[in-house]
Each structure stands twice: as structure tokens, then as C-alpha cells.
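Trainee: pasted the sequence and its predicted model underneath.
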Amino acid sequence: MRALILFLFLTIASFADHRVDIQAQILEKVFSNVSINETITIWTDDEELLLEFKKNGFLSVSDNPAVATLIVVAHKKNIQDDEDCKNKPIFVLNYELLKDIPESFGAFFWKKGRPNIVIVEPRTELQNIRVSSELDAYKEERAW
Amino acid sequence: MSVYVFALFLLLSSLMYAEELSLETLLKEYKSAEEPFLHTKKESAGHIRVITRAELDKMQAYTLNDVLKTLRFFTIGTRRNGMTTLLRSGESQMSSLTTKVYINSHELNSATLGNVLVQYGRMGLYFIDYIEIYQAGNSVTFGNEPGTLLIKLFTKDPSRQNSTSVQASIDSLGSVTLQAVEAKVFDEYSYLANIDLRKNNYEDYTIGGNELSRDGVRGQLYLKFSKKDDYDIEFGAINEKYDIFSGLGMATKDGYTHTGDIYTHITKYFKNNLKVMLTASYEKFEIYNEDSIGIPLPGMSAPFTQQLDTAISTKVYSASIEKRFINDNNELFMGAQLKHQKFGITDYIVGGIDTAMNWGPKKLDIYMLYAENLYNINENHLISISAKVDYYENSLDKSSTEQILRAGYVGIFDEFTFKLFAMQSYLYPTFLQTTYSPNYRVNPDLRSAEILTLSAELIYVRDGTTYGFGLGQSEADNAIIFENNMTNPAESIYVNSDDKNKFKFFFANVEHNFNIDNRVKVEIYRQFRDSYYSPREGASLQLFNTLGEVDIYNELLYRAEYTTQDGVDVKRGYDYSFGAIYRLSKRTELKLKAENIFDRASKTPISGVDVSTIDRRVLFTAEYTF
């Protein structure tokens, strides 16, 4: 089974690794241009991404959301009613979550067949999150 | 000197490093790594070409014909009734073309005309994400009757769209197109909707004092509703009406071609790789033609009429079940399909009189069983063996059992991919050949043609450049050929040829990626056969560039000179097109396209004039995303 998958999906597998690697690089670049009132330590419910962040070593990451100062979420249910995630800056990995989690300040999502980044300025201002001018091109008044 | 070289090196390195870290570049690379075709394309299924959404966008490919005209071994042509078709190298318009077009898992039927591209060539692609095209030696796993050219259109994935987009186009001939696509996800449910309305204008021609027009209108609707990993429900409809252009006679005064198609397709996914599909479709085709000299009529005591109004329809019902068994190094795919086709000749009005005719069989049932086994010798070598048995039974109690046998080898190494396919297949006669035709005799006794195809392809990738080379041959026994009666065209008829119909072919291509935004593709091909009634060789050059917020596309298509079955010489064709897209904002794009700029595209001779299928025109398009 493994060999067959290796053969048939060799290209897909290598692209999948590449995908997570690039996804991590994109988010690292975004978070390196964001500052909050304390040192950024990231927790995410996306295990592949968490591993990639750890591997790259560019960001401080934690397996424990209670320790984290910035939450990166792919599924709302993973932080719902979680006291450890409350009142912390949230960055989402899904377009719909921008609406579902009104306190989320930014998103990495697909729209019109393309990956997009949005930093919602009114939300960053409200939460005292500072975003450098490097990300000016991605700042919006609302999710478009 | 060395200091300057070192400084230059540092500068270049810093630029490269900056490029590497650019967020925009990373987003583009992420998009490439997430291309959905990586999960659907089947290397073992044939010689594949994938046209991604990014390419479709840059090409400004608004219709299927915009893509098909770039295909190797094919030339796009105009039909006498003003519609379009695709001609395989060397073959005439009357040759049987076994093209299959799928939208996701649904095969677009053209039981009525037997050539799906006539009805769908002008289909809008706004709801399509990407296209996979398989040439020669196609897998049996796609189901349905066999084809030698298989076009799979995959619709946009709502989870990647999350948007509503509208697009409007106007061209220098006065054509207008309005399109909209919306795709959204709600928890585990999603939908995709597309509407496409067009007023198509084309260059008019004057023959014998009559102005021939192929202008028309076309509407298209597509809806898809899905529950993740559970089911898809699809609905599609098209309706189009065109001026009849040259028509069926010798001096057309007036007339139109009117076609319509409506279908629904349901796919239900079960656990353990089991899939069930149900389809129902209805299509109609109407021709109204007035001619000042006369339209030749087959099998009539009065061989000509000055007015013909005829309408036909087809109902197709299909059910299929497919399952994959994956064990260790083996994957076995099995499927079964039942297909019922019912033809109707609703009108045959000759000179205003409803005329009864003795047509051929009006019902056809097909029972299909198919299987494919992929065996992985090791990580580098894959062998595929496929078989399909199809039992046909028509309403005249004529039945036949047809078979497809296919063997393939795919080797993937570090830089090389090698493919080898051998396929014994068949080509079943169409409704228009056996049952009904307004302008030639039908032949209910036609038998299937047996086709043997051998093909090989070598792909070599190095330093961002992909080199491809392929060759093969095809031979057909009992080939279905059009026996043209020059003295009385209405007595022309399709027959099974006693001679073997053989041809050989080769193609070569090079694709170089300068970087993620800039790419060039070059391809040449040639066919070798005894006689040629359409271009035997051709070439294409496609250049994709992005400069800041502007996408630029250049395309040059060459098709060789040829002589038609009627002995008319046609010059070689060069079709140069240019497109530019400017992203005004995240929401708005402005697009400009100039097609067939030098008015030298390959032409189709009709009634003494050379007709260009690709008109010289300039097209302006604006797109807005909500």
C-alpha cells in the first residue's frame, strides 16, 4: 500500500510537504511584521503547521495554548469555550472564520482560486496590535 | 575589477534573496503547490496536458474553443451550418471524431450529432477551474463509450472561491458576453452557480449575392450543490441559436440552427472508495433552411427542396457504479454502467409538408463492464492493464459486443518520465450515421470500426525546463468513412471501409519556466498518412508573462496547408493572438485581447470562400469580484 501510494502520489506527496513549508514561511513572514504588547509565542490547532514552525525555528511556538500569546486557528471548534485562548490575538486560516470569530485580526485564506492574506485594520487597532508597513498591501477595512 | 564582480554578485544575491522572501512570490508558490489537478490527473491514463486556471486566465480562454485551438493534432474548423468543430490532423469534417468531454464525472452527451464539440465548442469556461486533456490511449476508467481525445473539465472548488464574480466582454464585431459565477461553502455544504449569456457576432461572407451569417445567441446555466465527502448534485443547461451560414443547400436565403441540452448528474460517494452516479439528459437539435436553388434530400422522389425544417432530440439515461480496491502494491478499479439512449425525430417538414420517412434505429441500450489494474513493480515502475466489454442493442434488435483492451507502462525516475500504451478499442457508429441525416443517406447496417493504437512519450525535466517527445501509430479496420457522391450529394453515405485506415504521428515540446511568473511553451507535431484533408502538421508558441500588475500572453499557432476532400487548396495558417490583463485592484481586472491579429489563421473552404473560424477581432473584458 505504502509503495503504491509512494509511486502514484509521489508528486502529490512532495508537493504536500512543499505546501506546508510555504504555508509556514508565509505565516512566519506575516507574524514577524506583527507586534503585540508581549513576546509572540504561537499555538495553532494545525499540527502540520505547528511542526513546521518548530522545524524552521523562526518563531517561538508552544504545544500549550495557555502559554501562547497569539492563536492561529483552522477550526473554530478547537478554541470554542477554551479559556486558554480567550482575550488573545487570533489569526485564522479560513475565510469563514473571519466572520465566525469577530475578534480575529487577520486571515490566510482562499478567495477566487487564490491564496490571500488580510489584516483587518479596525480589529488590530481595537486590540492594540501593531502591524508594520511591510504588510500595507494586505491591510483592509474589512474582509473583502 | 574583481571588486565590481563581487559587488554585482552581492547585488544579484540580495535581489534573489529579496525575491525569495517576497510575500507575493510565496503566495504564488503556495498556489502552485496547492493545484487541485495534482490530485486528479492520471499519468497512467494517457498522454496528458493540464491547463490550469492561471493559464486559462492569462490566455483569456473564455470558451472551450479558445483552448482546443491550441491542441496538437487538431485544427478548429467551421461547419456549413455556422457551428464549429475540431478536425484531427489529415481528416475531413465528415470523419468520425471520438472526442469525449466531461464536466467533473458527467460526460456531455452528443448522441444526436455524434460530435460533442459542435454543441460545446462555444461553451463558456467561467465556472471551470482547470482542464485535463488526454490524447491517445485513454484509460477505460472514465467510463462511457470510448474516445481518442478526452477532455475533462473540472469545476471551481467553492472552498477556494468564496466569492461572486461578474464579467462582461465586448468585441470589435459587436459580440457581447455577460458571465457570473458564485461559489460558497456553508459548513459541510457548498454550491457553485454559473450563468453565461452571449450574443456572438462573426465576420459575414457574401456568396452569389447572398450574405452568409453565423451570428447567434447562446445561454448557459450550471449549478452544483455538494455535501463534503457525501454527494454532488449537478445541473446544466445550454440553449443556442445561430444563423445557418451556408446551410445545407447551394444558395441559402435564410435559416438557423437551434440546439439545446439539459442534464442532471448525481454522484454519491460511499466509504471504501465506492461511487455511484446517475445521469439524465435531454438534447434537441433543429435546422431551418430556405434555399433559392435547392437543398438535396436523401431517399426522396423529389431530390431537392427549397425549404427544410427538421428537429431531432435525444434522451439519455445512465447509471454507473465504480469501486477501487487498494492493496499493497496494487490498485484495482472496477465499474459497471447502463446507458439508455432514445432518439426522436420530431419534425421533418419538406417544402412545408410534414414528411414521413423510414429512419434507422431509434433506441440504443449499452451495458458496460470495465476494470483497470495498476500494479506497482517498485517506486519507479507502474504497469496498467485495462479491459472493457460493452454490449450494444438497438431497437432493430441488432446487437453487438465490443471490447477494449489496454496495456500501459509508466516509469518515473528523477528527471525522466516514460510512458508506453497499447490499446485495442472500437468506434461505434453515431445516430447521425445510422438513423437520421437531413442531407445524406443513413446506413443502419454500419458496424463498429476496430482501432489499434500504440503510443509512447518521454518527458525530461531539468533546471526548470521540461522536454517532451512522443510518437505512435493508429490503424483502424472497418473504418467508418464518408463515401462522398459528387454528382448527387444526397446519395452520399457512411460505409465501413475495406481498407485499413492507418496513420503515424509524432510530437515534441519544450516548456521553460523562467520563474513563477514567466514561462514559454513550444510544440510541434506531424501526422503521416496516405491522404490529408486537413493540416497534417502544426506548431504552437505560448508565452506567459507577468510584469507587476499586468499579465501578458502571446500565442502563435501554425497549421500546414492542405487540400480538402473536394480538391480545394487551403493556404497554411498563422494565428497570432495577444492578451493583456491589468489588475486595477483586488476586486477589478481589465482585460484586452486581440485574436488572429494578422488574419492568417487556418481557414475552412465553404461554398467557394475560405472561412476563418477564428475571426480577427479585439475583445475588451472587465471583471469584478464581490
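Mentor: On my side now, so go ahead. Predicted model, so just to flag it, every value in this text is computed and none were measured.

Trainee: so where's chain A shaky on pLDDT?
Mentor: Scanning chain A for pLDDT under 70 picks out the ranges A:1-17, A:143-144.

Trainee: sec struct for the residue in the stretch 101-250 of chain B positioned nearest to chain A, please.
Mentor: Nearest to chain A in the stretch 101-250 of chain B, going by CB to the nearest CB, is B:R160, at a distance of 4.2 Å. C-beta coordinates here come from the backbone N, C-alpha and C atoms, glycine included. Three-state call for B:R160 (DSSP: H, G, I helix; E, B strand; the rest coil): helix.

Trainee: any idea how far A:E52 is from it?
Mentor: 21 Å (CB to CB, to the nearest Å).

Trainee: A:S32 now?
Mentor: Distance of A:S32 to A:E52, given as CB to CB: 15 Å.

Trainee: then A:E96?
Mentor: To A:E52, A:E96 is 23 Å away according to CB to CB.

Trainee: do B:Y191 as well
Mentor: From B:Y191 over to A:E52 the distance is 33 Å, taken as CB to CB.

Trainee: what does B:T310 give?
Mentor: Distance, B:T310 to A:E52, using CB to CB: 64 Å.

Trainee: now do the buried residues in stretch B:366-380.
Mentor: For stretch B:366-380, the buried set under the neighbour-count rule, 16 or more other CB atoms under 10 Å in any protein chain shown, comprises B:366, B:368, B:370-372, B:374, B:376, B:380.

Trainee: strands - which of those residues land there?
Mentor: B:366, B:368, B:370-372, B:374, B:376 (DSSP state E).

Trainee: of those residues, just say which sits nearest to B:N485.
Mentor: B:I366 (31.4 Å; CB to CB).

Trainee: my read is that the closest one contacts B:V389, right?
Mentor: No: in this structure B:I366 lies outside contact range of B:V389 using CB atoms under 8 Å: 10.9 Å.

Trainee: please enumerate the shared neighbours of those two.
Mentor: Common neighbours of B:I366 and B:V389, counting by CB atoms under 8 Å, 6 or more residues apart in numbering or on different chains, are absent.

Trainee: quick one: mean pLDDT over the helix or strand hosting B:E234.
Mentor: B:E234 belongs to strand B:231-243 when elements are defined using DSSP states H and E. Averaging pLDDT along strand B:231-243 gives 96.

Trainee: and that strand, what does it pack onto?
Mentor: Using 3 or more CB pairs under 8 Å, 6 or more residues apart in numbering or on different chains; DSSP states H and E, the elements in contact with strand B:231-243 are helix B:116-120, strand B:216-227, strand B:252-270.

Trainee: and the ones you listed: which comes nearest B:L458?
Mentor: Checking the helices and strands packed on strand B:231-243 against B:L458 by CB to CB gives helix B:116-120 as the closest, at 29.3 Å.

Trainee: buried set for the helix or strand following the closest one?
Mentor: Toward the C-terminal end, the helix or strand that comes next after helix B:116-120 (DSSP H and E) is strand B:128-135. Residues of strand B:128-135 classed as buried by neighbour count (16+ other CB under 10 Å): B:128-135.

Trainee: show me the shaky parts of chain B.
Mentor: Where chain B drops to pLDDT under 70, the residues are B:1-21, B:111, B:137-138, B:301.

Trainee: flag every residue of it that's near chain A.
Mentor: With the criterion set to CB under 8 Å from any CB of the partner chain, chain B comes near chain A through B:21, B:23, B:26-27, B:29-31, B:33-35, B:38-39, B:53, B:129, B:156-157, B:159-163, B:165, B:185, B:326-331, B:374, B:376, B:378-380, B:382, B:412, B:586-587, B:625.

Trainee: which residue is nearest the middle of the chain?
Mentor: No chain was given, so I picked chain A. A centroid search over chain A (CA atoms, centre = their mean) returns A:V72, at 4.4 Å, as the residue closest to the centre.

Trainee: that was the other one, I meant chain B.
Mentor: Nearest to the mean C-alpha position of chain B, counting by CA atoms, centre = their mean, stands B:I151 at 5.2 Å.
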